[in-house]
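Engineer: I need the structure of the sequence given here:
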Amino acid sequence: MSKFEPTLWPEEPIPKCVEDCRECGLYKHGTRMIWGEGNPEAPIMIILDNPGAREDCDGNLFVCGTRQTLQQAAIEVGLSVNDLYITYILKRRPTRAYEKETVRNICMNHLEDQLQVKKPNIVFCLGNVAVQSFFQNPSVDVKSLRGTIQQVRGFPTLAAYHPLAVRRRPNLWPFFINDWMELAEFYRSKKFLS
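Structural biologist: Now for the predicted structure:
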């Protein structure tokens, strides 16, 4: 991985109708809701499991490792923040144990709303939690799905390893970049066809 300078991408404001959502119970974890970041009108929607840390212990904003790895891959394949919108299965970062299946099912309603409003050209699921939730199938995994475009919920969908997995296991970086290249190629082919 080459050196690059990570940047804070703009966060999309939380829709007024959900900013006080307490349905899943994650508000008790004390983390703020993150609806999404990047370009809300982007043709590529990236789905992660949940937001990472946004502020350090002094409350200063910083770019976490997940976002650094994601940004580096995007830059390497020639995509920019204007091409990408990042959102999450869970809209708050869990800080302790929670009822995973129940909470994910509740939070998927928000993601469904985002999909209907944004209508991305392609969805890019990163990590098994995002893949299993989005595909509505607890037995699928990234390893078996990566490299193929699936139709899921009416959208062309690619799967790749989670950026944190790639940070912990650098041997996954070539696979990660290959998946990003496939994403970029699909996006460019659709862009020039329209």
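Engineer: what ranges does this protein have for its helices?
Structural biologist: Taking DSSP state H as the test, the helices found in the chain are 65-76, 100-118, 128-135, 142-145, 163-168, 173-193.
Engineer: contacts for the last one?
Structural biologist: Contacts to helix 173-193, defined as C-beta atoms under 8 Å, 6 or more residues apart in numbering, come from residues 1, 43-44, 69, 73-74, 76-79, 83, 121-122, 124, 146-147, 149, 156, 158-161, 163, 166. (Glycine included, C-beta is placed from N, CA and C.)
Engineer: for PyMOL, write a command that selects the buried ones of the residues you listed.
Structural biologist: Applying 16 or more other C-beta atoms under 10 Å to the contacts of helix 173-193, the buried members can be selected in PyMOL as follows:
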select buried, resi 43+44+69+73+74+76+77+79+83+121+122+124+146+158+159+160+161+163+166
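Engineer: for D49, give me its contacts.
Structural biologist: 88-90, 127, 129-130, 133, 162.
Engineer: what sits closest to it if chain neighbours are left out?
Structural biologist: V129 (3.8 Å; C-beta to C-beta, 6 or more residues apart in numbering).
Engineer: one step back: out of the contacts of helix 173-193, which sit inside strands?
Structural biologist: 44, 122, 124, 156, 158-160 (DSSP state E).
Engineer: could I get these in CSV, plus columns for distance to P174 and pLDDT?
Structural biologist: Formatted as CSV, the ones in strands among the contacts of helix 173-193 follow (distance: C-beta to C-beta, whole Å; pLDDT from 0 to 100):
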residue, distance to P174, pLDDT
I44, 21, 98
I122, 21, 97
F124, 17, 98
P156, 23, 97
L158, 16, 98
A159, 16, 98
A160, 12, 98
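Engineer: make JSON lines from those and add distance to M33 to it.
Structural biologist: JSON lines is the format used below for these (distance: C-beta to C-beta, whole Å):
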{"residue": "I44", "distance to M33": "22"}
{"residue": "I122", "distance to M33": "25"}
{"residue": "F124", "distance to M33": "22"}
{"residue": "P156", "distance to M33": "28"}
{"residue": "L158", "distance to M33": "26"}
{"residue": "A159", "distance to M33": "25"}
{"residue": "A160", "distance to M33": "25"}
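Engineer: could you check the angle the lowest-mean-pLDDT helix or strand in the chain makes with helix 65-76?
Structural biologist: Least confident helix or strand, the chain: helix 173-193 with a mean of 90, by mean pLDDT, DSSP states H and E. Between helix 173-193 and helix 65-76, the angle comes out at 50 degrees (axes from the mean of the first three to the mean of the last three C-alpha atoms, to 10 degrees).
Engineer: on that earlier part again, and the two most separated of the contacts of D49?
Structural biologist: L90 and H162 (13.7 Å; C-beta to C-beta).
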